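>>> Got a predicted structure plus its sequence, pasted below:
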Amino acid sequence: MTKFAFIRDDMDRLREEGLLINLRVMGSPADAWMIVDGKRVLNLCTNNYLGLANHPRLKEAAKRAVDEWGVGPAAVRSIAGTQTLHVELEQRLAAFKGVEDALYVQSGFCANQAVIPALVGRDRESGQQDVIFSDRLNHASIIDGARLSGAKIVVYEHCDADDLERVIGENLPNYRRGLLVTDGVFSMDGDVAPLDRLYAVAERHGVMTMVDDAHGEGVLGGGKGIVHHFGLQGQFDVEMGTLSKAFGVVGGVIAGARVVIDYVRQRARPFLFSSAVTPADTAACLAAVDLLEESEDLVNRLWQNTAVLKGGLADLGFDVGHSETPIVPVMLGEAPLAKEFSRRLFEEGVFAMALGFPTVPRGKARIRVMNTAAHSREDLQFGLDAFSRVGKELGVI
Ligand SMILES: *Cc1c(COP(=O)(O)O)cnc(C)c1O
């Protein structure tokens, strides 16, 4: 069919460049060990930091919610989709984070599409435009939210507060208002944004501040996230996050001052025009907040496991980059080597994903290793032994 020739051409190009995505199929819940494409392997790939994705208390809460509330809300939040569960979760999340209010949306991706265009854009009548100051390595969902807003996007160098100062000085006077937006933890390298210094610069210029804490929630600040880690609660304007990673369920959250959240509730299109999250998911998120408020045991176990795995990989002689978090990049250089490494690990019973261009820069291909609180010491040793064997075989160590 000639009308689809463009698809064939683009698919050919993706195939030639080795960029075609091939979906692996999981045959079991997200946990330390999983059935992947029919084979039982040690899982070092998921964002299930605290092991909550298959936790009995979350599963019990979800089952009870189905009995009590049914399976779907059958409405958007602004019409008939706001259930007691949603309101309760929002209040609990706000209290947990130490902010005035929070909004629960369908996903983290959605949260960025919801909040950024609510705060900045282009005024249709006057044509006046706002400006977004965005870290060079920000997540795709921030980039898409920023583009959707219609505001001017100005990129500053990765984690560089001096460069932020420079671009604000050059650009802010030409625009109506400004928004700083940065990932908290960068998911490819595991490094942490210098939130205190970025905040000081933005604040000095009256620029609104927003952080995407998808990989910091449940991980940094005793589980409360990056804003707590830097002691900035109540100061940072917007904390956006996800309930799909450390929380183990699904959904996004926008948290901050009441004046901001109230406004987002009026303006955010994914909130206004797409149905609410299911009762089962919402109840499971509430159970996750309960667990995190009761104790920091899971967070501590995650960090202990991180020390074992990251330290073990470094001791074996691998280059583990400059991660400050449980995300461990094992730097391998060229994409074909990373792919072969991942394939050999899988044969050895370890599931760890290779990442290459365009997800990471050319020549910086890697295996990204994610441990969780659900892994035992024996699990981690099994993983390290496999890395050792494959690393020697492929001449990496
Ligand atoms: C995963 C991720 C998201 C998206 O969250 P979902 O809940 O999976 O939609 C947003 N931002 C960052 C930085 C992420 O890593």
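Thanks, I have the structure now. Numbering: from 1, shown residues only.
>>> Could you count how many residues lie near Thr84?
Residue neighbour count, defined by other C-beta atoms under 10 Å, stands at 10 for Thr84. C-betas here are computed from N, CA, C, even on glycine.
>>> what separates it from Val277, distance-wise?
14 Å (C-beta to C-beta, to the nearest Å).
>>> cool, and Ala151?
Going from Ala151 to Val277 by C-beta to C-beta gives 28 Å.
>>> Report the secondary structure state of His86.
Following DSSP: H, G, I helix; E, B strand; the rest coil, the label given to His86 is helix.
>>> Right, and the ligand sits closest to which residue of the stretch 251-397 of the chain?
Proximity of the stretch 251-397 of the chain to the ligand (C-beta to the nearest ligand atom) peaks at Gly252, 5.2 Å away.
>>> is that residue in a bridge, and if so with what?
Following DSSP bridges, Gly252 is listed with bridge partners Val105, Thr242.
>>> Might you list the low-confidence residue ranges for the stretch 1-150 of the chain?
1 (pLDDT under 70).
>>> what about the helices in it?
Along the stretch 1-150 of the chain, the segments classed as helices by DSSP state H, counting those that start in this stretch run 5-16, 56-69, 84-97, 108-119, 140-149.
>>> Among the ones you listed, single out whichever gets nearest to the ligand.
Using C-beta to the nearest ligand atom, the nearest of the helices of the stretch 1-150 of the chain to the ligand is helix 108-119, at 2.3 Å.
>>> And the contacts of the closest one?
Helix 108-119 has contacts (C-beta atoms under 8 Å, 6 or more residues apart in numbering) with 103, 105, 130, 132, 139, 141-142, 144-146, 148-151, 179, 181, 208, 210, 212, 214, 238, 240-245, 251-254, 260, 263-264, 267-271, 274.
>>> at 6 Å instead, please
With C-beta atoms under 6 Å, 6 or more residues apart in numbering as the test, helix 108-119 has contacts from 105, 141-142, 145-146, 148-149, 179, 214, 240, 242, 252, 254, 264, 267-268, 270-271.
>>> Over to stretch 348-366?
36, 41-45, 188, 329-332, 334-335, 338-339, 342, 345, 367-369, 383, 386.
>>> rerun at 7 Å
Stretch 348-366 is contacted from outside by 34, 36, 41-45, 188, 329-335, 337-339, 341-342, 345, 367-369, 383, 386, 389-390, using C-beta atoms under 7 Å, 6 or more residues apart in numbering.
>>> Could you tell me which of those belong to strands?
The members of these that map onto strands under DSSP state E are 34, 36, 41-43, 329-333, 367-369.
>>> Adding neighbour count and distance to the ligand, write those residues out as JSON lines.
Output for the ones in strands among the contacts of stretch 348-366, formatted as JSON lines (neighbours: other C-beta atoms under 10 Å; distance: C-beta to the nearest ligand atom, whole Å):
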{"residue": "Met34", "neighbour count": "20", "distance to the ligand": "18"}
{"residue": "Val36", "neighbour count": "18", "distance to the ligand": "20"}
{"residue": "Val41", "neighbour count": "20", "distance to the ligand": "22"}
{"residue": "Leu42", "neighbour count": "21", "distance to the ligand": "22"}
{"residue": "Asn43", "neighbour count": "26", "distance to the ligand": "17"}
{"residue": "Pro329", "neighbour count": "25", "distance to the ligand": "14"}
{"residue": "Val330", "neighbour count": "23", "distance to the ligand": "19"}
{"residue": "Met331", "neighbour count": "18", "distance to the ligand": "20"}
{"residue": "Leu332", "neighbour count": "25", "distance to the ligand": "22"}
{"residue": "Gly333", "neighbour count": "14", "distance to the ligand": "24"}
{"residue": "Ile367", "neighbour count": "26", "distance to the ligand": "18"}
{"residue": "Arg368", "neighbour count": "24", "distance to the ligand": "12"}
{"residue": "Val369", "neighbour count": "26", "distance to the ligand": "16"}
